[in-house]
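1. Show me how the following folds:
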Amino acid sequence: QVQLVESGGGLVQAGGSLRLSCAASGTIFSANAMGWYRQAPEKQRELVATISSADGTKYSDSVKDRFTISRGNTKNTVYLQMDSLKPEDTAVYYCNADIPRAYGRGTVNYWGQGTQVTVSS
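-> Okay, the predicted model is just below:
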């Protein structure tokens, strides 16, 4: 069974940094696109950043130039380096990945359980 496990959340002061990690287990295939989303209280889940299998990246305007998404050598690990954090970055951050099916064509989209990031002012 494929699982995405996140780590690295926590409490940090405004202007500080955190690094989130997400590892996919239970599959022998390399993930296609991977990404990070976040959901603040009483708000919808939103895209933070994505990275393709060819390491092409995309960021939301709100985090561009402050956050950096990258993948590990195994391609089933994704990181989010968050610098110059702001109180409005406070949210639960979720890892997301498209992983090839074990049988047949296509991919299955998976979500991690989420990790809390809190930025104090």
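2. how much space between residue 84 and residue 105?
-> 42 Å (Cβ to Cβ, to the nearest Å). Yep, even glycine has a C-beta here, placed from its N, CA and C like the rest.
3. More neighbours: these two, which one.
-> Taking other Cβ atoms under 10 Å, residue 84 and residue 105 do not tie; residue 84 has more neighbours (13 against 6).
4. thought the more buried one was touching residue 68?
-> No. Using Cβ atoms under 8 Å, residue 84 is not in contact with residue 68; the gap is 11.4 Å.
5. Against residue 8, how distant is the residue most central in space within the chain?
-> Ranked by distance to the mean C-alpha position of the chain (Cα atoms, centre = their mean), the top residue is residue 36 at 2.6 Å. From residue 36 over to residue 8 the distance is 11 Å, taken as Cβ to Cβ.
6. Please apply the same query to residue 102.
-> In terms of Cβ to Cβ, residue 102 sits 28 Å off from residue 8.
7. any residues touching the lengthiest strand in the chain, and which ones?
-> Secondary structure of the chain per DSSP state E: the longest strand is strand 91-100. With contact meaning Cβ atoms under 8 Å, 6 or more residues apart in numbering, strand 91-100 is reached by 2, 4, 6, 9, 20, 22, 24, 27, 29-40, 43, 45, 48, 76, 78, 80, 106-117.
8. Are any of those buried, and if so which?
-> Neighbour counting with 16 or more other Cβ atoms under 10 Å marks 2, 4, 6, 9, 20, 22, 24, 27, 31, 33-38, 48, 76, 78, 80, 110, 112, 114-115, 117 as buried within those.
9. Those in strands, which ones?
-> Judged by DSSP E, strands contain the following of these: 4, 6, 20, 22, 24, 34-38, 48, 78, 80, 110, 115, 117.
10. tell me which of these is nearest to residue 54?
-> Comparing these against residue 54 with Cβ to Cβ places residue 34 closest, at 12.1 Å.
11. how far away is residue 53 from residue 100?
-> Taken as Cβ to Cβ, the span from residue 53 to residue 100 is 10 Å.
12. Report back the residue of the protein that's furthest from centre.
-> The chain, farthest from centre, Cα atoms, centre = their mean: residue 104 at 26.7 Å.
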